[in-house]
Every structure is written in structure tokens, then in C-alpha cells.
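> Okay, sequence plus prediction incoming.
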Amino acid sequence: MPIWRICWAEAMTLTKMETVEVTQGRDAVVGLIIFMHHQAFDASPVVRALIVDDSHAALEADFVAAHTGEFAGIGPTGRQVSEPYAITWRWGRSLGNSRRGTNVPRRYDRRGANLLLAGL
């Protein structure tokens, strides 16, 4: 069984703060993450900071990738992109019981999707 099925709640949501686009449901969120990291791009996120306590976590990273598949109507260019972003999670129970909690990842692209598109 994939680790995300164990750790992430079925009712999770991902919200892109710039566009207020919401992806609902664990499978849909995982599908979006797979699409961004392995289909539209060949990505290797670079972690800048990670903070975790028993009810929240925050990650700051750079999305470092080559554009290898269609994204926002733009065919693969092979161009390299590097875009900073941050993700926060909260869960309804202690970290030790997080798989029973309500893990809610929220993604905030600090400079925004428009700059990612401009790099393509």
C-alpha cells in the first residue's frame, strides 16, 4: 500500500492560494502532485525548511524541474524552471495518530503560477 494512502486522509484538500483552485479528495490531490512532478515536469524539489509539531507542519522548498509534458496548454519545452513554494499541513489529532486525523495540505506558490508559465 502506498504511504500516502496510510498518512493522508480521504477528505483532504489542496488549495492553490494564488488561484484559489481547490483539489478535493486524497486520490485527486495525489494525482495532481504526480502530474506536476512526473508528467508535466521532471521535478526534484529542493527542501529549504521543514517545521513539524504534533498538529501542524510547514515546508518551504523550490520546485526545480524540466518541462517534459504539456502544462497549461503549453507542450514540452525542455526548459528548466525553479519556483519557490510552501506547503502547510494540519491534522486533527496528534502526529502519532495522524492517519486518523484530517490531514489538509495547502499549497501556496509565493511568486505564483504566472512566473512558472513565463519560464516555459
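Good, I have the coordinates.

> hey, let's count contacts and neighbours off CA atoms from now on
Fine.

> Remind me which helix or strand the closest residue in space to Pro45 that isn't next to it in sequence belongs to.
Counting by Cα to Cα, 6 or more residues apart in numbering, Phe63 is the residue found nearest to Pro45 once chain neighbours are left out, at 4.7 Å. In the assignment (DSSP states H and E), Phe63 maps to strand 56-67.

> Can you name the residues that contact the nearest residue to Ala65 once chain neighbours are set aside?
Spatial nearest neighbour of Ala65, chain neighbours left out: Ala43 (4.0 Å); criterion: Cα to Cα, 6+ apart. By Cα atoms under 8 Å, 6 or more residues apart in numbering, the contact set of Ala43 is Met36, His37, Phe63, Val64, Ala65, Ala66.

> a markdown table for these, including neighbour count, distance to Asp54 and pLDDT?
Shown next, in a markdown table, are these (neighbours: other Cα atoms under 10 Å; distance: Cα to Cα, whole Å; pLDDT from 0 to 100):
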| residue | neighbour count | distance to Asp54 | pLDDT |
| --- | --- | --- | --- |
| Met36 | 18 | 29 | 91 |
| His37 | 20 | 28 | 92 |
| Phe63 | 23 | 26 | 92 |
| Val64 | 18 | 29 | 95 |
| Ala65 | 21 | 32 | 95 |
| Ala66 | 21 | 35 | 96 |
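
> following the strand holding Phe63, which helix or strand comes up?
strand 80-90.
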